[in-house]
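Engineer: need coordinates for the below:
(one chain, ligands or ions: 1)
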Amino acid sequence: MKLSNTDQKIQVLEPGWTPERVIRNVINSGVQENAFYVFDIGEVYRRYKEFITLMPRVQPFYAVKCNDHQTILKLLADLGAGFDCASKGEINKILGLGVEASNIIFANPAKPASHLRHAASTGVNLMTFDNEMELTKIKALHPSAKLVLRIRCDAEVVQCNLGMKFGCDALNEAPRLIRAARFLGLDLVGISFHVGSGCGDPPVFRRAIFAASQLFDYAATVGYNFQLLDIGGGFPGNKGQSLDEIAAVVNLALDDFFGDTDVQVIAEPGRYFVASAFTLATCIHSKREVRNMDEKDSSVTHVMYYINEGVYGAFNVVIYDHFNPIAIPLKGFGGKLTPSSIWGPTCDSMDMVLENVMLPTLDVGEWFMFENMGAYTLVACTTFNGFPTSKVHIVISEEDWLLMTSELSVCEDQFVFGNSPSNLRIGLDVGDEDDKWETPLSVQSPVC
Ligand code: PLP
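Structural biologist: Numbers count the residues shown, from 1 in each chain. Below you'll find the model as predicted:
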């Protein structure tokens, strides 16, 4: 992996160190106030390997939209992954890494004209569509494109449904669209689907692969010889979520419906590669105790914690990605638990991370850790109300580093070794000693 000069260095952790231990050390420095991510690049490496091992017939085209951090893109490019791009901007990002245009699929079924022209001029030919108007646009702006028809096949249990926006009906619409493409003289090469992101219904992959195989057969009757099956994304990525069951379903369905063919099979995994690689640390900067209004009993009934990340930043996933964050207080769960809520830093009351959660008593200056924060977080952050996007500190375990460097050519000076305080702060916007003040700070109440 050859990072350029502007890219961030990666800290190689000493044995026994974990992202959590890195977080604790950064926090204990006493001068870190802003929230930050610790990103374990070794996790992305291992997950890529696992994906191609569990589904040997499926070539991953990473969905850039999920997390476009340069280090992720470079690692995956070096490992030989293809890329699923949704726009001209993403195409440029990937071509800028030196990836061949033929390793990109423009997998947005509804493309603005200028983006289509850009695909044509940069040689990005493979692209999806799901309606007649898109075919007409492609005929006008990129007539030599290789088209992949996206059909709809929704998982019954899913984190984010995508079928309500994209994918034509496989039985009623797809045959007509195949005929329309033929009529326009366009080069239709295969079928794609996306069962929905964060799929909890493995058998849906069999249903979708079967529906695709039927359309391969239909296309042959009108003169096409389809060569590509794109099984989309949907592979869950949080810690503890396994790919095994989906992989078994996919492999069997490919054997059953595409067994004796040399059809190229690709997928567009996003969250599977990156979700678990990012851990976010956030600081409690303010706190409000809600008390009983009773004159005789003014005990605390609920505590509101305000942290320095919210739904306009990393926790946009609470709204857009239907993500349920789990707040882990770094001091642990010991002591009495009180009904609590966690709020982001902006002045908007929509900016709520967790509405009702049982937490121990925490003070201003104490920290929460949130795992599985790598998918659809950083890419959709804003700086609403002037709050900055959290910075990223990249780490890799020594074990993963050895594995990775045995396979890829890396520049040694991309990496820093050892856990010195300055190594632990690479990439972070730590304050200086003058910013230090006494925390944790607990609520001071009148005695009466
Ligand atoms: N491909 C397309 C076309 C998508 O829209 C998405 C996500 O929205 C993905 C792939 C990635 O999906 P996932 O993160 O579920 O793997």
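Engineer: switch to C-alpha atoms for all contacts and neighbour counts from now on
Structural biologist: Fine.
Engineer: contact partners for Asp7?
Structural biologist: Going by CA atoms under 8 Å, 6 or more residues apart in numbering, Asp7 touches Gln70, Thr71.
Engineer: so where's the chain shaky on pLDDT?
Structural biologist: 4-6, 431-436, 447-448 (pLDDT under 70).
Engineer: biggest helix in it by residues?
Structural biologist: helix 204-221 (DSSP state H).
Engineer: ok, that helix near the ligand or not?
Structural biologist: No - interface with the ligand: helix 204-221 contributes nothing (CA under 6 Å from any ligand atom), its closest point being 12.9 Å away.
Engineer: what does the next helix or strand after that helix rub up against?
Structural biologist: Once the chain leaves helix 204-221, the next helix or strand it forms, by DSSP states H and E, is strand 228-230. Strand 228-230 is contacted from outside by 148, 189-193, 212, 263-268, using CA under 8 Å, 6+ apart.
Engineer: contacts (any at all) between the ligand and strand 228-230?
Structural biologist: No - using CA under 6 Å from any ligand atom, we find that strand 228-230 stays clear of the ligand, coming within 9.5 Å at best.
Engineer: so what strands line up beside that strand?
Structural biologist: Partner strands and pairing direction for strand 228-230 (DSSP bridges) are strand 187-193 (parallel), strand 264-267 (parallel).
Engineer: that strand: what's the following helix or strand?
Structural biologist: Next along the chain after strand 228-230, taking DSSP H and E as the criterion, comes helix 244-258.
Engineer: related to what we said a few turns ago, export the strands paired with strand 228-230 to a markdown table and tack on mean neighbour count and distance to Met373?
Structural biologist: Formatted as a markdown table, these follow (neighbours: other CA atoms under 10 Å; distance: least, CA to CA, whole Å):
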| stretch | mean neighbour count | distance to Met373 |
| --- | --- | --- |
| strand 187-193 | 25 | 26 |
| strand 264-267 | 20 | 22 |
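Engineer: turn these into TSV, columns for distance to Gly374.
Structural biologist: Formatted as TSV, the strands paired with strand 228-230 follow (distance: least, CA to CA, whole Å):
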stretch	distance to Gly374
strand 187-193	24
strand 264-267	19
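Engineer: most centrally placed residue in the chain?
Structural biologist: Central residue of the chain (CA atoms, centre = their mean): Ala375, 2.2 Å from the mean position.
Engineer: OK, contacts around that residue?
Structural biologist: Going by CA under 8 Å, 6+ apart, the list of residues near Ala375 reads Cys66, Asn67, Gly270, Arg271, Val274, Ala275.
Engineer: among those residues, which lie within helices?
Structural biologist: Residues of the contacts of Ala375 located in helices (DSSP H): Arg271, Val274.
Engineer: just the contacts of Ala375 that are near the ligand?
Structural biologist: Cys66, Gly270, Arg271.
Engineer: quick one: the second one and Pro60 touch, right?
Structural biologist: This means Gly270. No - in this structure, Gly270 is not within contact of Pro60 by CA atoms under 8 Å, at 9.5 Å.
Engineer: of the two, who's got more company?
Structural biologist: Legend: neighbour count by other CA atoms under 10 Å for Gly270 and Pro60, higher for Gly270 (29 against 26).
Engineer: what about the nearest residue to that one once chain neighbours are set aside, how many neighbours?
Structural biologist: The spatially closest residue to Gly270, leaving aside those adjacent along the chain, is Ala63, at 4.8 Å (CA to CA, 6 or more residues apart in numbering). By the criterion of other CA under 10 Å, Ala63 has 25 neighbours.
Engineer: for Ala63, give me its contacts.
Structural biologist: Ala63 sits next to Phe83, Asp84, Cys85, Gly233, Glu268, Pro269, Gly270 when contact means CA under 8 Å, 6+ apart.
Engineer: same check on Phe129?
Structural biologist: When contacts are counted by CA under 8 Å, 6+ apart, Phe129 is found next to Asn108, Pro109, Ala110, Leu135, Leu147, Val148, Leu149, Arg150.
Engineer: for those, could you give me CSV that also reports secondary structure, distance to the ligand and neighbour count?
Structural biologist: Shown next, in CSV, are these (DSSP: H, G, I helix; E, B strand; the rest coil; distance: CA to the nearest ligand atom, whole Å; neighbours: other CA atoms under 10 Å):
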residue, secondary structure, distance to the ligand, neighbour count
Asn108, coil, 6, 17
Pro109, coil, 8, 20
Ala110, coil, 11, 18
Leu135, helix, 17, 22
Leu147, strand, 14, 26
Val148, strand, 12, 27
Leu149, strand, 12, 28
Arg150, strand, 9, 29
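Engineer: quick one, phi/psi of the closest residue to Lys2 other than its chain neighbours?
Structural biologist: Distances taken as CA to CA, 6+ apart put Val410 closest to Lys2, at 5.4 Å, once the chain neighbours are dropped. Note on Val410: its backbone torsions stand at phi -120, psi 160 [degrees, to the nearest 10].
Engineer: follow-up on the earlier one: closest one of the contacts of Phe129 to Val430?
Structural biologist: Closest to Val430 out of those is Asn108 (38.9 Å), distances taken as CA to CA.
Engineer: count the residues that sit near Val357.
Structural biologist: Val357 has 16 neighbouring residues, counting by other CA under 10 Å.
Engineer: revised request: answer the last question for Asp429.
Structural biologist: Counted with other CA under 10 Å, residues neighbouring Asp429 total 17.
Engineer: up against the ligand, what does the stretch 251-400 of the chain have?
Structural biologist: Taking CA under 6 Å from any ligand atom as the contact definition, the stretch 251-400 of the chain meets the ligand at Glu268, Pro269, Gly270, Arg271.
Engineer: now swap in the stretch 101-250 of the chain and tell me
Structural biologist: Going by CA under 6 Å from any ligand atom, the residues of the stretch 101-250 of the chain near the ligand are Ala107, Asn108, Ser197, Gly198, Gly232, Gly233, Gly234, Phe235.
Engineer: of those residues, buried ones?
Structural biologist: Among these, the ones that count as buried by 16 or more other CA atoms under 10 Å are Ala107, Asn108, Ser197, Gly198, Gly232, Gly233, Gly234, Phe235.
Engineer: can you redo the residues you listed as TSV with distance to Thr122?
Structural biologist: Below are those laid out as TSV (distance: CA to CA, whole Å):
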residue	distance to Thr122
Ala107	16
Asn108	17
Ser197	29
Gly198	32
Gly232	23
Gly233	25
Gly234	29
Phe235	30
